[in-house]
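Student: Have a look; sequence and predicted model below, questions after that.
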Amino acid sequence: RIIVEIKPLSQTNKPTMRDNRWSKETWTKNVDKWMSAYKFAKEHNMSFAIVSENLHVQKITEEMFENYIQQFKNK
C-alpha cells in the first residue's frame with residue numbers, strides 16, 4: 001500500500017532566495033502535507049511517494065523526511 005502525491009517537479013525542490021513569494025509559500029505548504037502524509041503512512045505500514053511529470057517517482061524515506069523537516073525549520 002502506498003500514498004501518492006502528484007506534484008509538478010518544480011514544487012518538489014526547495015525554493016531559493018530569488019524565488020517569488022508564491023513558490024516559498026507553496027514549498028512550506030507542501031512540506032507540511034508531506035510530513036503529515038509520511039507520518040500517517042508509517043503509522044499504517046504504508047509508503048509515501050511523490051510523483052511528478054515524466055512519471056518521476058520519489059519514494060520518501062526516513063532520511064528524506066528528516067531533511068524536509070530540517071529545511072522547513074531553516075526557511
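Tutor: Cool, the structure landed.
Student: Hmm, S23 is touching P15, no?
Tutor: Yes - here S23 lies in contact with P15, judged by Cβ atoms under 8 Å, at a distance of 4.3 Å. Quick note: C-beta positions are derived from backbone N, CA and C, even for glycine.
Student: what does the model give the residue lying farthest from the centre of the chain for pLDDT?
Tutor: Within the chain, R18 marks the point farthest from the mean C-alpha position, 20.3 Å out by Cα atoms, centre = their mean. On pLDDT, R18 comes in at 92.
Student: Phi first, then psi, for it.
Tutor: Here is the backbone geometry of R18 (degrees, to the nearest 10): phi -80, psi -20.
Student: For T28, see how far away it is.
Tutor: 17 Å (Cβ to Cβ, to the nearest Å).
Student: likewise N20?
Tutor: Distance from N20 to T28, by Cβ to Cβ: 13 Å.
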